[in-house]
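A.B. asks: have a look at this prediction, sequence included:
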Amino acid sequence: MIRYEGDFMSENEIWNKLYKRACEVQNYRVISPFIEGGQVGAAILTKKGNIYTGVCLDAASTLGICAERNAIFNMITNGDSQIEKIVCVMSNGEVGTPCGACRELIMQLDKDSKDVQILIDKDNYKSVTMQELMPNWWGTSRFINN
């Protein structure tokens, strides 16, 4: 059981809640002739039991941002920093894994980020850990030596 907003939920219920929250923020739209966004939605569950969401923004200047990093920045803005689970929902409704830049940021957040779970199969509730996605991450020794 996992604590969320004071209640305890099963792991599958949490995955469903995260998937639903990621879908709720998805809203594809053209923001300007240079920027479009909302194709991908992400939801993060923190170790404190909070959920933060974000959407992607694609910009002509390549200064866009992924939904996962947007959600992470939302989490940090609100004083949280340790991620438990992540769900990334693509424009077709399927789940996916974070890109390389997002993976790198996740790993740098906390010494336990290797244990962050990412949903990869929403129908069977299959997940992978960041350790599985980045088995030989370059920064591990910095956490060990601090």
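C.D. replies: Yes, it's here. Note that the coordinates shown come from a computational prediction; the quantities given were computed from them, not determined experimentally.
A.B. asks: quick check: longest strand of the protein.
C.D. replies: Secondary structure of the chain read by DSSP state E shows that its longest strand is strand 35-46.
A.B. asks: what helices or strands is that strand leaning on?
C.D. replies: Using 3 or more Cβ pairs under 8 Å, 6 or more residues apart in numbering; DSSP states H and E as the contact criterion, the secondary-structure elements in contact with strand 35-46 are helix 11-25, strand 29-30, strand 51-59, helix 67-77, strand 83-89. The way it works is simple: take the backbone N, C-alpha and C, and place the C-beta from them, glycine included.
A.B. asks: hmm, 10 Å instead?
C.D. replies: Contacting strand 35-46 under the criterion 3 or more Cβ pairs under 10 Å, 6 or more residues apart in numbering; DSSP states H and E are the following elements: strand 2-4, helix 11-25, strand 29-30, strand 51-59, helix 67-77, strand 83-89, strand 95-96.
A.B. asks: rebuild the ones you listed as TSV, extending it with mean pLDDT and mean neighbour count.
C.D. replies: Compiled in TSV, these are given as follows (pLDDT from 0 to 100; neighbours: other Cβ atoms under 10 Å):
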stretch	mean pLDDT	mean neighbour count
strand 2-4	60	15
helix 11-25	96	18
strand 29-30	96	10
strand 51-59	96	20
helix 67-77	98	21
strand 83-89	98	26
strand 95-96	98	20
